[in-house]
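[1] Sequence first, predicted coordinates after that:
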Amino acid sequence: MTIHCANCRQAYPDEGTPYRCTRCGGLFDYSENFPFDPERVELDQPGIWRYRHSFGLPEDTQPISLGEGGTPLVWGKAFGRDVAFKCEHQNPTGSFKDRGSALIAAALRQRGVQIAVEDSSGNAGASFSAYAARAGMQARIFVPDSASGPKRDQIEAYGAQLVRIMGPRSNATKAALQAVDHPSEGSAEYESLPAYASHAYLPFNLPGYATLAYELVEQIGQSPGSVVLPVGQGGLLLGILRGFGTMLASGHIQQMPHMVGVQARACAPLWAVYSYGRDGLSWVAEGSTLAEGIRVLYPLRGDALLSSLAAAQGELTAVDEEEISEGHKQLARLGLYVEPTSAVVWGALAQLAGSLAEPIVAVLTGSGLKATGSTGLG
């Protein structure tokens, strides 16, 4: 399984860790489907590494694992329908990001990286900090000043250097890029040039996210009829689409689930393009939202995601702040304490429950313990 620039087709180099193409600046991505084969699942491997044959990593790559994956599937009622809630908030650091961070950390360590930079609204930064610590790497995490206190505390607890950036989420990305592209202008403390461990730019996390699709089929015993999940950068949705896609192409499932991506209306660029075409971007803003984890104004893999979603006949929807607040409360009443970002799925279920094919799965992406005290939701 090879990685090429999605624009000019230049191959990813055998050495180094460029986060974008050195020829044209394009994004790197996988050139083939992930080679999932249930007969090759290694049950004695830790966490998601039982699916390592589908990751496309060199054979000598050492697993980095904290026991990610294998999260519970909890059934409940929502709007008169049976819904299976995939509890990704029960991953080791409290979010789905662990599936991707395990692979990013392993890929970087295999290439000799000692220092890595990441930017995040909180979950990705906390997740990578944990896996970097596990891999023996130093991490420096740029977060917007609005990131919740528990997420900031978690990042620092893992030994990463936390850098708070004023302004919107996008400013944290700009600061991280500055640190990677011009390290001498930012800080003299780096012993060597840092790698950019970006969950948005690097493709290594996508096969990790695909493992969620494999797990759902194992847990349900068939392909879900519908899957509803939050979307910010869109990496999780893209990875799951590819996971189901490779199982469909190989005959391991008989139908593609109806995929529903959910954004907060306050910052919903993908939904705007899906609903109104490119003209929809003219009124999209990086507005304040309870769903801080999906407040992404410029999703880097947006074109690839929209193309894959269209091919799978999926859809995108958006929910208002009142729907997010109500969803947070109602999910807690089911015993599911998640952060407001995860609660966007409740509003989508309210909109679409009557038309969704069964079995219905709603993915809960982050723990409510990470948001306590930062949102006013309790």
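    Right, received. Where do you want to start?

[2] measure the residue nearest to Ser198 when sequence neighbours are not counted to Ile104 for me?
    In this structure, Ser198 finds its nearest non-sequential neighbour in Tyr19, 5.4 Å apart by CB to CB, 6 or more residues apart in numbering. From N, CA and C alone the C-beta is placed, and that goes for glycine too. Tyr19 is 11 Å from Ile104, where distance means CB to CB, to the nearest Å.

[3] list the residues that contact both of these two?
    Leu202 (CB atoms under 8 Å, 6 or more residues apart in numbering).

[4] related to what we said a few turns ago, look up phi and psi at the residue nearest to Ser198.
    Dihedral angles of Tyr19 (phi, psi; degrees, to the nearest 10) stand at phi -90, psi -10.

[5] measure it to Gly314 for me?
    Tyr19 is 28 Å from Gly314, by CB to CB.

[6] ok, now Ile220?
    Distance, Ile220 to Gly314, using CB to CB: 18 Å.

[7] Compare the two (neighbour count), which wins?
    Shown here are Ile220 and Gly314; by other CB atoms under 10 Å, Gly314 has more neighbours (21 against 14).

[8] Just give the nearest non-adjacent residue to the more buried one, would you?
    Using CB to CB, 6+ apart, the nearest residue to Gly314 is Met259, at 3.5 Å.

[9] Pairing-wise in the sheet, spell out the partners of that neighbour.
    Counting by DSSP bridges, Met259 forms beta bridges with Val227.

[10] I'd like the mean pLDDT over the strand or helix carrying Ser127, please.
    Assigned by DSSP states H and E, Ser127 belongs to helix 123-135. For helix 123-135, mean pLDDT is 97.

[11] Check stretch 33-47 too.
    The model assigns stretch 33-47 a mean pLDDT of 95.

[12] Same check on stretch 306-321?
    Mean predicted lDDT for stretch 306-321 stands at 97.

[13] And for stretch 73-91?
    In this model, stretch 73-91 has a mean pLDDT of 98.

[14] ok now it, how far from the chain's centre?
    19 Å (CA atoms, centre = their mean, to the nearest Å).

[15] distance between the ends of that stretch?
    Separation of the first and last residues of stretch 73-91 by CA to CA, to the nearest Å is 13 Å.

[16] what sits up against that stretch?
    With CB under 8 Å, 6+ apart as the contact definition, stretch 73-91 has outside contacts at 68-69, 71-72, 95-99, 212, 216, 219-220, 224, 330-331, 334-339, 342, 346, 349-350, 353-354, 356, 358-368.

[17] swap in stretch 38-50?
    51-53, 63, 65-70, 99, 102, 208, 211, 214, 252.

[18] Return that stretch as CSV; C-alpha atoms alone will do.
    Extracted in CSV, the C-alpha atoms of stretch 38-50 (Å, rounded to 0.1, in the frame of the first residue of the first chain):
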residue,chain,number,x,y,z
PRO,A,38,-10.7,-10.9,8.3
GLU,A,39,-8.6,-14.0,7.9
ARG,A,40,-5.5,-12.0,8.7
VAL,A,41,-6.7,-10.4,11.9
GLU,A,42,-4.1,-11.0,14.6
LEU,A,43,-6.1,-11.5,17.9
ASP,A,44,-2.9,-11.6,19.9
GLN,A,45,-1.9,-8.0,19.0
PRO,A,46,-2.7,-5.0,21.2
GLY,A,47,-5.6,-2.6,20.5
ILE,A,48,-6.2,-1.9,16.9
TRP,A,49,-2.9,-3.5,15.9
ARG,A,50,-4.8,-6.8,15.4
